[in-house]
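Peer 1: Any chance you could fold what I've pasted below:
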Amino acid sequence: MGVDGEADAEFLALERELSLLFRRARAGQGELARAVHPQLEPAAYGLLVRLIEGGPQRATDLAAYMGVGKATISRQLGGLEELGLIDRAVDPADRRASLLRVTPLGSERVAAVASARRSAYVRRLADWDRRDVGELARLLGRLNGVLTDSN
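Peer 2: Residues are numbered from 1 along each chain as shown. Below is the predicted model:
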């Protein structure tokens, strides 16, 4: 059936809910970034989190993961460095290259923000059954996997 067909009602509802979730997430990312540092760009917050989760990485690997160009990643990483949230180290696999890594200050600030965010989720979802929370996380992980594979 087409997009207007009854069989597609679930996909229309999914699109509507994801659009709302993404808009709220973009707004929330700005708040998270400001909580880490008032001058931190919202997009750079995601880079900081990626470095914490994935460990030291080359700028080219970060750009590929985030789906942005070299100029964009360079500007965002430069901002993170200026704020003292990341630094560079020589890549032991190729001494001509450098690895970007989160500084203790960056780790500390992101950990505090992440803890506050988890507390907010716990409060907002207090009346949810824990199994439902787990199922939502599982389904979102599955969706993220499909969306990542389609790029």
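Peer 1: Just list the residues touching T72, thanks.
Peer 2: Taking CB atoms under 8 Å, 6 or more residues apart in numbering as the contact definition, T72 lies against A43, A63. Where you see a C-beta, it was placed from the backbone N, CA and C, and this is true even at glycine.
Peer 1: In which helix or strand does it reside?
Peer 2: Counting by DSSP states H and E, the secondary-structure element that holds T72 is helix 70-82.
Peer 1: so for that helix, what's the average pLDDT?
Peer 2: For helix 70-82, mean pLDDT is 94.
Peer 1: Report the strands that pair with the helix or strand following that helix, each with its relative direction.
Peer 2: Helices and strands here follow DSSP H and E; after helix 70-82, the next one along the chain is strand 86-91. Taking DSSP bridges as the criterion, strand 86-91 pairs within the sheet with strand 94-102 (antiparallel).
Peer 1: Show residues contacting the partner strand.
Peer 2: Contacts to strand 94-102, defined as CB under 8 Å, 6+ apart, come from residues 48, 51-52, 55-59, 62, 77, 85-91, 110.
Peer 1: Done for today, thanks.
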